[in-house]
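>>> here is my input; please provide its structure:
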Amino acid sequence: MKKTALVLGASGLVGKQLVMQLCNDSRYQKVTCLLRRPLAQGFFDNSYEKLEPIVINFSQLQEYQGYFLVDHVYVCLGTTIKRAGSKSAFRKVDFEYVHTAAQIAGLQGVKSFVWISSVGASATSKNFYLRVKGELENAIMSISYLKNASAVRPSLLLGSRAEHRFGEGLAISLSKVLAPLFKGRFRKYQPVHASTVAQQMINLQVF
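Here you go, the predicted structure:
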């Protein structure tokens with residue numbers, strides 16, 4: 001039997017790659033995307049019959065529980081402190097929205113739930129970004145009624161973004177130069193393409 005999927009954060013770097021892969025995956029019959037704003041015309045190269053984009057208010061995510069009546073939930077939500085405007089606004093997107101989505105998914109009985117974390121995520125990290133990611137991992141994994149929850153932990157993401165992030169671009173350029181050093185236990189710090197992360201997310205789902 002073919003599956004249904006729900007994607008939160010389809011307009012992001014990984015989210016876009018994920019939606020394209022899901023729409024081209026014969027195991028899925030429908031892919032619903034919850035978005036903060038309408039997708040620009042031609043955002044996806046092809047017109048996918050499986051795709052159903054829905055614009056919602058993420059601050060009121062509880063009101064959209066019906067869309068979570070699917071087999072698999074994918075969460076690619078994420079921002080930066082600079083773009084969010086403050087640490088509290090960043091936490092609202094990267095922790096609160098994702099945690100709420102996990103709670104709803106569990107209550108609706110989804111078969112599996114996958115979200116994007118980060119390499120180095122730790123609730124005890126001195127780095128605010130990594131600490132929030134780690135706290136989120138702990139919070140989601142403690143939801144007893146949520147089945148098959150998994151996180152992918154990518155390093156720096158490669159791909160074409162709609163927005164330019166100078167600091168991230170500089171870090172990626174530097175990491176490419178240092179790539180030969182990323183071996184063994186340091187391999188996880190190698191930059192990874194968004195399409196690879198999207199495929200990892202699909203591979204983690206329970207079919």
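>>> tell me the mean pLDDT for stretch 9-26?
The pLDDT scores in stretch 9-26 average 94.
>>> I should have written stretch 93-100 there, sorry.
The average pLDDT for stretch 93-100 rounds to 98.
>>> would you mark the buried spots in that stretch?
V93, D94, F95, E96, Y97, V98, H99 (16 or more other C-beta atoms under 10 Å). C-betas here are computed from N, CA, C, even on glycine.
>>> and which of those residues is nearest C33?
Comparing those against C33 with C-beta to C-beta places Y97 closest, at 14.5 Å.
>>> now do the strands in this protein.
For the chain, strands defined by DSSP state E occupy the ranges 3-8, 28-35, 51-55, 72-75, 112-116, 149-152, 157-158, 192-193.
>>> and the first one, C-alpha only, in CSV?
The reference is to strand 3-8. C-alpha atoms of strand 3-8 as CSV (Å, rounded to 0.1, in the frame of the first residue of the first chain):
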residue,chain,number,x,y,z
LYS,A,3,2.2,5.9,1.8
THR,A,4,1.3,9.5,2.6
ALA,A,5,3.8,12.1,3.9
LEU,A,6,3.7,15.4,5.6
VAL,A,7,6.6,17.9,5.3
LEU,A,8,7.2,20.9,7.4
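>>> with respect to burial, which of the strands of the chain scores highest?
Stretch with highest mean neighbour count among the strands of the chain: strand 72-75 (a mean of 27; mean count of other C-beta atoms under 10 Å).
>>> partner strands of it, with direction?
Strand 72-75 has the following strand partners under DSSP bridges: strand 3-8 (parallel), strand 112-116 (parallel).
>>> among the ones you listed, which comes closest to L69?
With C-beta to C-beta, the closest approach to L69 among those belongs to strand 3-8: 8.2 Å.
>>> relative to strand 51-55, how tilted is that closest one?
Strand 3-8 runs at 30 degrees relative to strand 51-55, counting by axes from the mean of the first three to the mean of the last three C-alpha atoms, to 10 degrees.
>>> helices along this protein, start to end?
13-23, 81-84, 87-91, 98-107, 128-141, 166-177, 194-204 (DSSP state H).
>>> which strands and helices lie in contact with the longest one?
The reference is to helix 128-141. Judged by 3 or more C-beta pairs under 8 Å, 6 or more residues apart in numbering; DSSP states H and E, helix 128-141 is in contact with helix 87-91, helix 98-107, strand 112-116, strand 149-152.
>>> cool, the fourth one as well?
Applying 3+ C-beta pairs under 8 Å, 6+ apart, one finds that helix 98-107 makes contact with strand 72-75, strand 112-116, helix 128-141.
>>> follow-up on the earlier one: if you average pLDDT over each of the strands of the chain, which is lowest?
The minimum mean pLDDT among the strands of the chain belongs to strand 157-158 (a mean of 84).
>>> so who does the residue nearest the centre of the chain touch?
Nearest to the mean C-alpha position of the chain, by C-alpha atoms, centre = their mean, lies C76 at 1.7 Å. Shown in contact with C76 (C-beta atoms under 8 Å, 6 or more residues apart in numbering): V7, L8, G9, A10, G12, V14, G15, L18, W115, I116.
>>> spatially nearest residue to Q108 (excluding sequence neighbours)?
Nearest residue to Q108, sequence neighbours excluded (C-beta to C-beta, 6 or more residues apart in numbering): F68, at 4.2 Å.
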